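>>> sequence? don't have it. structure:
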Ligand SMILES: Cc1cc2nc3c(=O)[nH]c(=O)nc-3n(C[C@H](O)[C@H](O)[C@H](O)COP(=O)(O)OP(=O)(O)OC[C@H]3O[C@@H](n4cnc5c(N)ncnc54)[C@H](O)[C@@H]3O)c2cc1C
């Protein structure tokens with residue numbers, strides 16, 4: 001017979017782990033399963049600080065097993081297909097898992113190729129992104145190394161990165177001819193919610 005959970009969580013990142021932990025805090029008897037293929041958990045918000053030279057990238061990678069909430073079962077596999085009509089999720093291994101309630105928290109999928117030229121230049125040629133464990137340290141290398149020229153910061157982290165960069169200047173000496181330009185590529189901030197835009201920018 002297929003395994004069955006009262007709550008089945010897909011993805012053991014910040015969202016899945018927090019939701020599972022909160023549910024178990026309210027009711028320790030709940031049968032909760034967490035489907036997560038990775039041995040490692042990444043604390044992504046700290047990557048901004050890595051890019052700003054205030055945090056070590058190694059400290060953002062931790063063992064997933066240490067963060068599975070007490071009482072939850074970790075199913076180390078990947079969800080392959082959803083079968084809502086049968087209240088089942090089929091794993092990459094082929095095993096089907098049943099549930100009463102399903103929480104789907106697989107995060108986002110980065111698509112560097114959506115921006116022409118990005119993939120092949122990322123991590124070199126002064127092209128940085130804090131959105132990746134592999135590339136966030138390079139942001140700091142670039143900020144540290146900027147003695148003159150122009151730095152362009154794009155949303156959603158424009159302000160944060162500008163502050164990191166501005167904080168770096170008094171610590172490490174003034175930028176002789178450096179200049180900062182903000183590029184706002186976030187559609188919500190550009191066109192959408194005025195209140196959000198006014199408070200964020
Ligand atoms: C640089 C940066 C700065 C940020 N700053 C902030 C901030 O200041 N404040 C804030 O609130 N948020 C911030 N965020 C956003 C925040 O980090 C994310 O929203 C949050 O970590 C996302 O958590 P998540 O669990 O949804 O996704 P993730 O942490 O990406 O976890 C998703 C998990 O799902 C797993 N998964 C994927 N596919 C499957 C599958 N098929 N089956 C099973 N498991 C699967 C993955 O292995 C992964 O472990 C920042 C993010 C970044 C990158």
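Nice, thanks for sending it over. Everything numeric here is computed off the predicted structure, so don't read it as measured data.
>>> What separation do you get for whatever residue of the chain ends up closest to the ligand and residue 2?
Going by C-beta to the nearest ligand atom, the ligand is nearest to residue 13 of the chain, at 1.9 Å. Quick note: C-beta positions are derived from backbone N, CA and C, even for glycine. Distance of residue 13 to residue 2, given as C-beta to C-beta, to the nearest Å: 25 Å.
>>> Tell me which of the two has more neighbours.
Between residue 13 and residue 2, counted using other C-beta atoms under 10 Å, the more crowded position is residue 13 (19 against 12).
>>> show me the contacts for that one.
The neighbours of residue 13, taking C-beta atoms under 8 Å, 6 or more residues apart in numbering as the test, are 36, 41, 42, 105, 106, 107.
>>> Filter those residues down to just the buried residues.
Buried members of the contacts of residue 13, counted by 16 or more other C-beta atoms under 10 Å: 36, 41, 42, 105.
>>> and which of these is nearest to residue 125?
Closest approach to residue 125 among the buried ones among the contacts of residue 13 (C-beta to C-beta): residue 42, at 25.1 Å.
>>> Does the closest one touch residue 61 like I think?
Yes: counting by C-beta atoms under 8 Å, residue 42 touches residue 61, with 5.9 Å between them.
>>> what about the strands in the chain?
Taking DSSP state E as the criterion, the chain carries its strands at 3-10, 32-35, 40-42, 61-63, 72-75, 79-83, 88-91, 96-104, 148-154, 177-183.
>>> which one of those strands has the most crowded surroundings?
Highest mean neighbour count of the strands of the chain: strand 32-35, a mean of 24 (counted as mean count of other C-beta atoms under 10 Å).
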